[in-house]
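Q: Here is my input; please provide its structure:
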Amino acid sequence: MSTPRTHDTAPAAVPAADIHVRDMADADCEAVAGIRIRGWRTAYAGLMPASYLAALSIEEDAARRREHLAQAGSSVVNVVAERAGDLVGWACHGPSRDDDLPPGEAELYAIYVHDGQLSTGVGRTLLDTCLDRCADAGYERIRLWVLEGNARARRFYERAGFTPDGAEEPFEVDGEPVPEVRYVRAVRR
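A: Sure, this is the predicted structure:
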């Protein structure tokens with residue numbers, strides 16, 4: 001694996017009525033990249049080398065988002081959250097990429113929330129949308145990877161019913177270990 005797969009810094013909350021979730025469009029890629037890069041810098045400060053986080057480029061990430069969006073296919077779902085007309089979050093899910101799992105499981109690849117919108121229900125609304133879409137697609141379970149040291153994200157997922165499944169993955173950033181743990185939950189409870 002070349003990059004961490006997911007994180008969110010918003011705790012579980014009742015989804016806010018003023019948040020609108022829709023499919024991501026090409027025009028959203030720069031805003032999503034900005035949210036994603038700021039999310040990395042906020043959530044991973046002290047967990048990853050500061051020089052690596054400082055070198056992240058919104059422009060390069062936006063180009064990757066466009067490429068991924070164009071190549072995603074129908075099984076990968078990208079959604080964005082808006083509040084008062086502003087893009088405030090992004091989530092992406094699809095089939096699990098892990099070889100040790102049976103076919104037919106989903107994976108939450110990413111959730112990122114604008115740092116000014118943490119703890120406001122954006123992350124939970126995005127997660128609930130992904131869970132609903134996974135259920136509609138026939139998935140029974142969903143998994144995700146989170147940095148072992150990302151306590152806030154781990155609390156968010158645990159409050160949403162995810163539990164560690166025992167899988168761990170070594171991950172390095174600029175030669176420094178940044179281990180990940182995998183979580184799982186039923187799509188419907």
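
Q: Could you say which helix or strand holds L87?
A: Assigned by DSSP states H and E, L87 belongs to strand 86-95.

Q: After that strand, which helix or strand is next?
A: Defined by DSSP H and E, the subsequent element after strand 86-95 is strand 106-113.

Q: which helices and strands does the next helix or strand after that following strand pack with?
A: Using DSSP H and E, the helix or strand that follows strand 106-113 in sequence is helix 122-136. Helix 122-136 sits against strand 19-23, strand 77-83, strand 86-95, strand 106-113, strand 141-147, with contacts defined as 3 or more Cβ pairs under 8 Å, 6 or more residues apart in numbering; DSSP states H and E. C-betas here are computed from N, CA, C, even on glycine.

Q: how about the fourth one as PDB, C-alpha atoms only?
A: Read it as strand 106-113. Taking C-alpha atoms only, strand 106-113 is exported to PDB below (Å, rounded to 0.1, in the frame of the first residue of the first chain):
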ATOM      1  CA  ALA A 106     -17.000  -3.100   1.000                       C
ATOM      2  CA  GLU A 107     -14.200  -0.800   2.000                       C
ATOM      3  CA  LEU A 108     -14.500   2.800   3.100                       C
ATOM      4  CA  TYR A 109     -11.500   4.200   1.300                       C
ATOM      5  CA  ALA A 110     -11.600   7.700   2.800                       C
ATOM      6  CA  ILE A 111     -13.600  10.300   4.700                       C
ATOM      7  CA  TYR A 112     -12.200  13.800   5.100                       C
ATOM      8  CA  VAL A 113     -14.000  16.800   6.700                       C
END
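
Q: That strand versus strand 77-83: what angle between them?
A: Interaxial angle, strand 106-113 versus strand 77-83 (axes from the mean of the first three to the mean of the last three Cα atoms, to 10 degrees): 30 degrees.

Q: Strand 106-113 pairs with which strands, parallel or anti?
A: Partner strands for strand 106-113, per DSSP bridges, with pairing direction: strand 86-95 (antiparallel), strand 141-147 (parallel).

Q: could you give the angle of that strand to helix 122-136?
A: 160 degrees.

Q: Strand 106-113: how far from the chain's middle?
A: The chain centroid and the centroid of strand 106-113 are separated by 3 Å under Cα atoms, centre = their mean, to the nearest Å.

Q: And the shortest one, by the same measure?
A: For strand 19-23, the distance from its own C-alpha centre to the chain's C-alpha centre is 15 Å (Cα atoms, centre = their mean).
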